[in-house]
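K.L.:
the following block contains a protein sequence and its predicted model.
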Amino acid sequence: MSYLDDFLVRAALAGIGVALAAGPLGCFVVWRRMAYIGDATAHAAILGVALALALSISVSAGIMVVCLLMATAVSGMSGRGLSGDALLGVMAHGTLAFGLVGVSFLQGNRIDLNSYLFGDILAVSPTDLGVIWGGVLIILGLLWWRWSALLTSTMSEDLAFAAGINPRREQFVLTVALALVVAVAIKVVGALLIAALLIIPAATARSLARSPETMAVLAALIGAASALGGLGAAFAFDTPTGPTIVSLAAVFFTVSAMTRLVWGVRGT
């Protein structure tokens with residue numbers, strides 16, 4: 001019997017994989033203040049699920065296409081006389097609503113909507129695991145390839161132009177990576193919690209790191225610890241796995257923030 005036959009092993013590997021991709025990518029989401037974009041892209045995933053099931057194509061492919069279109073549209077339309085927050089709100093909630101309505105029309109399909117909204121990491125199959133890790137490797141490859149350019153354009157667009165870097169191109173790279181991480185993470189934490197897994201580990205690592213690279217590594221480790229710890233806690237206390245993972249990540253953030261506050265008070 002293969003070790004992948006154990007659903008807990010598959011769940012652990014899926015959680016670790018998503019954390020390794022979401023941690024470094026979440027750092028750029030935090031640095032660039034892209035939290036709302038990440039949230040809007042995640043909400044669009046439900047529309048991708050509905051379209052994929054209606055067209056009888058891969059759910060991951062449907063999510064990827066819709067999320068990529070969503071992130072590209074938001075990136076392209078922002079700054080053109082439209083309020084960024086209002087635009088993100090309309091598109092995030094609009095695509096989520098259209099997705100939920102679309103799913104309701106799929107009478108011939110038995111759909112566990114909660115698994116897409118809140119994740120169902122315990123139901124990850126070997127095929128799902130292959131898709132997740134394939135996406136993770138692509139995301140890490142993109143970040144490794146474009147790390148210096150992404151970091152420069154994040155610090156200053158003027159500095160990026162002076163270095164011969166096109167900030168719009170780097171924004172598109174982040175858009176592709178963001179869409180891909182949503183597609184692979186939906187099984188783990190669900191569409192409503194993906195943005196939290198991107199932001200919370202990165203925000204926690206920010207107060208602990210002394211360099212961008214250290215922050216990215218710490219964010220990945222914190223995300224992995226949240227995934228494994230949350231998986232164990234959910235199994236022990238019979239709680240929803242996706243929300244438990246995010247809850248543990250929030251606990252790590254709270255402990256980090258309180259520790260920093262205490263040391264700050266002592267230092268004065």
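P.N.:
Yep, it's here.

K.L.:
from here on, just use CA atoms for contacts and neighbour counts.
P.N.:
Noted.

K.L.:
list the buried residues of the helix ranked longest in the chain.
P.N.:
Across the chain, the longest stretch assigned as helix under DSSP state H is helix 126-155. Neighbour-count burial for helix 126-155, counted by 16 or more other CA atoms under 10 Å, picks out 126, 128-129, 132-133, 135-136, 139-140, 143, 149-154.

K.L.:
with stretch 232-243 instead?
P.N.:
232, 233, 234, 240, 241, 242, 243.

K.L.:
out of those residues, who's nearest residue 44?
P.N.:
Nearest to residue 44 among those, counting by CA to CA, is residue 242 at 18.3 Å.

K.L.:
packing partners of the one helix or strand residue 202 maps to?
P.N.:
Residue 202 is located in helix 194-206, with elements delineated by DSSP states H and E. Helices and strands touching helix 194-206, as assessed by 3 or more CA pairs under 8 Å, 6 or more residues apart in numbering; DSSP states H and E, comprise helix 7-31, helix 35-55, helix 212-237, helix 241-267.

K.L.:
got the CA positions of the shortest one in CSV?
P.N.:
Extracted as CSV, the C-alpha positions of helix 35-55 are listed here (Å, rounded to 0.1, in the frame of the first residue of the first chain):
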residue,chain,number,x,y,z
ALA,A,35,-5.2,42.2,0.1
TYR,A,36,-8.4,43.2,-1.5
ILE,A,37,-7.2,42.0,-4.9
GLY,A,38,-6.4,38.6,-3.4
ASP,A,39,-9.8,38.5,-1.8
ALA,A,40,-11.6,39.4,-5.0
THR,A,41,-9.7,36.8,-7.0
ALA,A,42,-10.5,34.1,-4.4
HIS,A,43,-14.2,35.0,-4.5
ALA,A,44,-14.2,34.7,-8.3
ALA,A,45,-13.1,31.0,-7.9
ILE,A,46,-16.7,30.0,-7.2
LEU,A,47,-17.7,31.3,-10.6
GLY,A,48,-14.9,29.3,-12.1
VAL,A,49,-16.3,26.2,-10.3
ALA,A,50,-19.7,26.8,-11.8
LEU,A,51,-18.4,27.3,-15.3
ALA,A,52,-16.1,24.3,-15.1
LEU,A,53,-18.9,22.0,-14.0
ALA,A,54,-21.3,23.5,-16.7
LEU,A,55,-18.8,22.9,-19.4
